[in-house]
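S.K.: turn this into a structure:
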Amino acid sequence: MTDTDLVRQLVLRLARLDADAGRSGGLNPAQSMALEYLARANKFSRQPSHVAEFMGSTRGTVSQTLKVLREKGLIDEVRSKTDRRALSYKLTQSGQKSLAQSSSLRNSLKELSPLEIDRLGKSLQAVLDTALEANGQKPFGVCKTCRHFAPYTKGGFCNLLSTPIDQSEAEKICVENL
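M.R.: Prediction:
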């Protein structure tokens, strides 16, 4: 086995262990990932198509996933005030509590030093970026790192969408990030 194969196997095993932790909360891996995504996405990036794009899944599969999360009371559906056909989702308090549950992977990562976390994060991000590019998928970067983001003292302004951005939204991932 090559070093590359070994690292791939380690990543897959860690992902599997973390996915199994979600099962204790009654969620399958797709539901856990959708919930995690919605928690990290800014208000412009919570539509079903955005969730599907992030997960690399079909809209139909994600639609069913979001339906189950809504039925479990973990997310709420939000209709656009300007276009009643447009839907987005936000976490409920139960959804936030579900994500706050500890996992063995999260606990294990807490054992690493800040320098180790930084190096691991940068390495994994580089691998992810390469894989996304090879598959023709978008990276979904953090809003405040986008070229369209203009910082202000209490958040910023998105020049692409011509709208103010709260500080909390600027820290989240955005589908429009360039």
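
S.K.: show residues contacting stretch 130-150.
M.R.: Here stretch 130-150 makes contact (Cβ atoms under 8 Å, 6 or more residues apart in numbering) with 42, 45, 53-54, 56, 128-129, 151, 156-161, 165, 169-178. (C-beta placed from N, C-alpha, C; glycine too.)

S.K.: which ones among these map onto helices?
M.R.: Of the positions in these, 53-54, 128-129, 169-170 sit in helices, assigned by DSSP state H.

S.K.: drop anything exposed from these.
M.R.: 53-54, 169-170 (16 or more other Cβ atoms under 10 Å).

S.K.: of those, closest to Ser103?
M.R.: Nearest to Ser103 out of those is Phe54 (Cβ to Cβ; 19.8 Å).

S.K.: all strands for the protein, in order.
M.R.: 75-79, 87-91, 149-152, 155-158, 163-165 (DSSP state E).

S.K.: dump the ones in helices among the contacts of stretch 130-150 to CSV, plus distance to Gln31.
M.R.: CSV is the format used below for these (distance: Cβ to Cβ, whole Å):
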residue, distance to Gln31
Glu53, 17
Phe54, 14
Leu128, 21
Asp129, 26
Glu169, 24
Ala170, 27
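
S.K.: just these now: which is nearest Asp3?
M.R.: Looking across the ones in helices among the contacts of stretch 130-150 and measuring by Cβ to Cβ, the closest to Asp3 is Leu128, at 18.4 Å.

S.K.: and the residue nearest the centre of the chain, what does it touch?
M.R.: The centre of the chain sits closest to Tyr37, judged by Cα atoms, centre = their mean, with a distance of 2.6 Å. By Cβ under 8 Å, 6+ apart, the contact set of Tyr37 is 51, 54-55.

S.K.: kindly state the pLDDT recorded for Asn28?
M.R.: pLDDT for Asn28: 86.

S.K.: now it: phi and psi?
M.R.: Reported as degrees, to the nearest 10, the phi and psi values for Asn28 are phi -80, psi 170.

S.K.: for the helix or strand bottoming out on mean pLDDT in the chain, name the packing helices and strands.
M.R.: One helix or strand of the chain scores below all others by mean pLDDT, DSSP states H and E: helix 3-23, with a mean of 83. Under the contact definition 3 or more Cβ pairs under 8 Å, 6 or more residues apart in numbering; DSSP states H and E, helix 3-23 sits against helix 29-40, helix 104-110.
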